[in-house]
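K.L.:
I'll drop the sequence and a predicted model, then ask my questions.
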Amino acid sequence: MDFDQLETFIEVARLCSFSRAAEKRFRTQPAISSQIRSLEEEVGARLLDRSGGRVSLTASGKLFLKFAEETLDARKAAVTNIAETERVPRGEIVVGANEGTCLHILPEVFAQFKKQYPDVSVSIKRADYSKVLESVIDNSVDFGVVSMPITDNRLTAVLIHRDELVLIVPPRHPLAKLKSASATDIAQYPLVMPKVGHTRDALDELFHQRKLKPRYAMELDSSELLKRFVAADVGVGFISRSNVQEDVKASALAAIPITDVQIRRDLALVFRKDKALSRAALAFIDIAVKNKTIETAAIGKR
């Protein structure tokens, strides 16, 4: 067996699906099935139960999964520790974050990090808030970037970006003429809302406190889709200021402060408290903190 087979097995076990694992591994489904069959022949036991239209771990599979994860962790630790002896950050860093963070917050951090540490491989796993936290806990990513507050006491959170929620509307919308808008002003129009998450919770609480009953035109799980539907005048929406700056410059959207409440969206770099951080990981934290502190200061002066 080899590391590639182990990685494939772990992906199938996590996703409970050969087809989804094939997509994640950029392979064909027959190729994934072939790797699993080879593993099962070598260990002399069936690792996955394929009956009933669902893939699940057998008792042997559960035992093998533990060894597979420990083997891959040991390989990663060996590569990192050997690199550490050279006093130069090497190895790989995997970061989990949602769509908006990947597009608007992290590119500058990654660009600066790669300039200083070109020998460190950096990759992103895009997922929603809960999936990012799960990935941090199960060690499939080194760091997650998520909205604060972080309540899981197994995690350490380092603030890297301060932001606020703004109302977004088409440039010719009646609200675009206002310097700021209240919840009462906003509730008069159909809303395009995020389906779940901290932002949705904060907005629901805002309307509840004001005893308002807004009309929800759409509920979306993509910040980029939300912006596009607002630009198409399906409804008005809410988004982090940093996620809409380019759209405002291009006159595709107008961003308006909310008068009667400030909804903050502070982002933190999170990792397991018991995680032994490599030199590369420590360098990444340092750059992320310095980079976003500068940007936050700049936003505050506008």
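P.N.:
Structure's in. What do you need? Numbers count the residues shown, from 1 in each chain.
K.L.:
pLDDT on the helix or strand containing Leu72, on average?
P.N.:
Following DSSP states H and E, one finds Leu72 within helix 59-84. Mean pLDDT, helix 59-84: 85.
K.L.:
chain center to that helix: distance?
P.N.:
24 Å (Cα atoms, centre = their mean, to the nearest Å).
K.L.:
in the stretch 1-150 of the chain, which spans are helices?
P.N.:
Remark: helices assigned in the stretch 1-150 of the chain by DSSP state H, counting those that start in this stretch are 3-15, 18-25, 29-43, 59-84, 99-104, 106-116, 129-137.
K.L.:
quick one, the third one and helix 3-15 angle?
P.N.:
Direction vectors for helix 29-43 and helix 3-15, defined by axes from the mean of the first three to the mean of the last three Cα atoms, to 10 degrees, enclose an angle of 110 degrees.
K.L.:
helix 29-43: how far from the chain's middle?
P.N.:
The chain centroid and the centroid of helix 29-43 are separated by 31 Å, computed with Cα atoms, centre = their mean.
K.L.:
give the bridge partners for the residue nearest in space to the middle of the chain, please.
P.N.:
Per Cα atoms, centre = their mean, the C-alpha nearest to the average position across the chain is that of Ala97, at 1.6 Å. Beta-bridge pairing for Ala97 (DSSP bridges): Arg126, Val145.
K.L.:
isn't it right next to Val145, touching?
P.N.:
Yes. The pair Ala97 / Val145 is scored as a contact, 4.1 Å apart, by Cβ atoms under 8 Å. C-beta: built from backbone N, CA, C; applies to glycine.
K.L.:
what residue ranges in this protein score low on pLDDT?
P.N.:
Low-confidence segments of the chain, defined by pLDDT under 70: 83-90, 292-302.
K.L.:
can you name the residues in contact with stretch 186-205?
P.N.:
With contacts defined as Cβ atoms under 8 Å, 6 or more residues apart in numbering, stretch 186-205 is touched by 128-129, 147, 165, 167, 173, 175, 207, 210, 212-221, 223, 226, 229-230, 234-238, 240, 258, 263, 265.
K.L.:
next, the buried residues of that stretch.
P.N.:
Under the neighbour-count criterion of 16 or more other Cβ atoms under 10 Å, stretch 186-205 has 186-187, 189, 191-194, 197-199, 202-203 buried.
K.L.:
which of those residues fall within helices?
P.N.:
Among those, the residues falling in helices (DSSP state H) are 186, 198-199, 202-203.
K.L.:
who are the neighbours in contact with Arg37?
P.N.:
No contacts exist for Arg37 under Cβ under 8 Å, 6+ apart.
K.L.:
let's see it at 10 Å
P.N.:
Each residue near Arg37 by Cβ atoms under 10 Å, 6 or more residues apart in numbering is listed here: 47-48.
K.L.:
ok so, going back, okay if I get the buried residues of stretch 186-205 as a markdown table plus distance to Ala281?
P.N.:
Formatted as a markdown table, the buried residues of stretch 186-205 follow (distance: Cβ to Cβ, whole Å):
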| residue | distance to Ala281 |
| --- | --- |
| Ile186 | 42 |
| Ala187 | 45 |
| Tyr189 | 45 |
| Leu191 | 40 |
| Val192 | 37 |
| Met193 | 36 |
| Pro194 | 30 |
| Gly197 | 26 |
| His198 | 25 |
| Thr199 | 28 |
| Ala202 | 31 |
| Leu203 | 34 |
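K.L.:
Ala59: which of the residues you listed is nearest?
P.N.:
Lowest distance from Ala59 to the buried residues of stretch 186-205 (Cβ to Cβ) belongs to Gly197, with 37.0 Å.
K.L.:
can you report phi and psi for the closest one?
P.N.:
phi 110, psi 180 (degrees, to the nearest 10).
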